[in-house]
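Peer 1: build me a structure from this.
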Amino acid sequence: MANEPNYSTNPSKDEPKKEKVRVIPLEYIDEFPGHPFKVLDDESMQKLMNSIEEIGVQSPIVARIKEDQRYEIISGHRRVHACRRLGLKLIPAIVRDLSRDEAIIAMVDANLQREHILPSEKAAAYKMKMDAMKRRAGRPSKNNSAPLEQNFGITTRDVLAQESPDSSEQIRRYIRLNELVPELLEMVDRESIAFRPAVELSYLSEDEQRNLVETIDSEEATPSLSQAIRMKKLSQEGKLDMDKIFSIMTEEKPNQAETVKFKSDELSRFFPERTPPELIRQTILKLLDAWQKSKATERPITRRSRDDAR
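Peer 2: Numbers count the residues shown, from 1 in each chain. As a prediction, the model looks like this:
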């Protein structure tokens with residue numbers, strides 16, 4: 001990377017806007033404020049670092065020049081992190097002259113193309129983009145459905161849906177997840193709580209949600225959709241207290257009568273961080289199947305040994 005052209009240590013916003021690759025110092029690059037997509041030092045990051053060590057950064061990052069004349073990442077946080085961990089000094093980049101809201105929209109659009117996105121990441125990203133779209137349209141950002149075109153009833157969320165993989169209603173549900181306390185939102189990411197119940201739980205007050213977290217921890221049970229809807233209704237009526245939460249959460253659900261549960265810390269030493277629960281389940285079933293087959297092959301050997309002894 002060090003031999004590539006267009007090296008610049010003094011970026012200027014007066015430079016002409018050109019979609020060309022230049023090489024910029026990592027020390028002048030800042031992360032995007034409030035970037036909702038996690039950058040983890042996991043197995044995927046190690047593979048990226050190995051690739052960069054072997055063949056360099058093949059896809060340039062996208063950045064913008066800020067008001068303080070530094071660069072801000074729009075797309076490429078993982079590549080920047082990998083290069084820093086490797087001790088590199090430079091990285092190839094496409095630099096664009098964008099406003100704050102234009103940069104937010106571009107950042108979200110670039111990262112929504114990822115293969116694996118956590119619900120919490122998508123929730124924060126959709127809210128960031130919709131707020132930016134509303135500001136660009138000259139409207140306040142408090143109402144999730146503020147009309148973008150009053151004459152035709154088109155909302156900002158409708159426009160966002162046209163540019164996104166999710167429908168307008170699904171985007172509304174994702175944005176609701178931002179109202180969850182961190183503990184519940186983490187459970188949604190881990191798939192301990194399903195998406196639709198989580199949306200209903202987002203209407204509970206913060207105190208009610210924390211009472212629910214306490215009950216989930218003590219009873220090792222998570223709410224079904226019907227239970228979440230009941231708690232939401234009681235909350236709206238001002239009748240949801242700790243006793244009501246406990247009563248609802250300790251009901252035996254038909255599909256939980258014969259459920260075997262593992263705590264996350266019990267499995268963490270066997271699986272990398274953020275391993276999808278379905279992959280954990282499939283792996284455990286495969287291991288049990290292999291164990292069962294091995295036990296089946298041991299039985300005839302034992303019987304033959306007894307016959308020989310006679």
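Peer 1: residue contacts, the closest residue to Gln227 other than its chain neighbours?
Peer 2: Excluding the flanking residues, the one nearest Gln227 by C-beta to C-beta, 6 or more residues apart in numbering is Ile248, at 5.2 Å. The C-beta positions use only the backbone N, C-alpha and C, and glycine is treated the same way. Neighbouring residues of Ile248 by C-beta atoms under 8 Å, 6 or more residues apart in numbering: Pro223, Gln227, Arg230, Met231.
Peer 1: look up how far Lys129 lies from Ile248.
Peer 2: For Ile248, the distance to Lys129 (C-beta to C-beta, to the nearest Å) stands at 35 Å.
Peer 1: and what of Ser202?
Peer 2: Taking C-beta to C-beta, one finds Ser202 at 19 Å from Lys129.
Peer 1: for Glu115, what are phi and psi?
Peer 2: Main-chain dihedrals, Glu115, degrees, to the nearest 10: phi -70, psi -40.
Peer 1: for Leu40, see how far away the residue most central in space within the chain is.
Peer 2: Using C-alpha atoms, centre = their mean, the residue of the chain that lies closest to the mean C-alpha position is Leu118, 2.4 Å off. Plainly put, Leu118 is 11 Å away from Leu40 if you go by C-beta to C-beta.
Peer 1: next: Arg85.
Peer 2: According to C-beta to C-beta, Arg85 and Leu40 sit 12 Å apart.
Peer 1: then Val159?
Peer 2: According to C-beta to C-beta, Val159 stands 32 Å off from Leu40.
Peer 1: between those two, which one's more packed in?
Peer 2: Val159 (16 against 12; other C-beta atoms under 10 Å).
Peer 1: tell me the first helix or strand C-terminal of the helix or strand encompassing that one.
Peer 2: Using DSSP states H and E, Val159 sits in helix 156-162. Downstream of helix 156-162, the first helix or strand assigned by DSSP H and E is helix 168-176.
Peer 1: run the chain-centre distance for the helix or strand that comes right after that next one.
Peer 2: Sequence order places helix 182-189 as the next helix or strand after helix 168-176, per DSSP H and E. Distance of helix 182-189 from the chain centroid (C-alpha atoms, centre = their mean, to the nearest Å) equals 11 Å.
Peer 1: so Thr156 touches Lys129, yeah?
Peer 2: No. Using C-beta atoms under 8 Å, Thr156 is not in contact with Lys129, being 9.4 Å away.
Peer 1: which of the residues in stretch 202-215 are buried?
Peer 2: Residues of stretch 202-215 classed as buried: Ser202, Tyr203, Leu204, Glu208, Gln209, Asn211, Leu212, Val213, Thr215 (neighbour count, 16 or more other C-beta atoms under 10 Å).
Peer 1: which among those residues gets closest to Tyr174?
Peer 2: Closest approach between the buried residues of stretch 202-215 and Tyr174, by C-beta to C-beta: Ser202, at 10.4 Å.
Peer 1: phi and psi next, for the closest one.
Peer 2: Dihedral angles of Ser202 (phi, psi; degrees, to the nearest 10) stand at phi -70, psi -20.
Peer 1: from the chain's centroid, how far away is stretch 174-187?
Peer 2: With C-alpha atoms, centre = their mean as the basis, stretch 174-187 stands 11 Å off its chain's centre.
Peer 1: how about it as CSV, C-alpha atoms only?
Peer 2: Once non-C-alpha atoms are left out, stretch 174-187 reads as follows in CSV (Å, rounded to 0.1, in the frame of the first residue of the first chain):
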residue,chain,number,x,y,z
TYR,A,174,-36.8,-2.7,14.2
ILE,A,175,-36.8,1.0,15.3
ARG,A,176,-39.0,0.0,18.3
LEU,A,177,-36.2,-2.2,19.6
ASN,A,178,-34.2,1.0,20.4
GLU,A,179,-36.7,1.4,23.3
LEU,A,180,-35.5,-1.8,25.0
VAL,A,181,-33.1,-1.7,28.0
PRO,A,182,-29.6,-3.0,27.0
GLU,A,183,-30.2,-6.4,28.8
LEU,A,184,-33.3,-7.2,26.8
LEU,A,185,-31.8,-6.0,23.5
GLU,A,186,-28.8,-8.3,24.1
MET,A,187,-31.2,-11.2,24.6
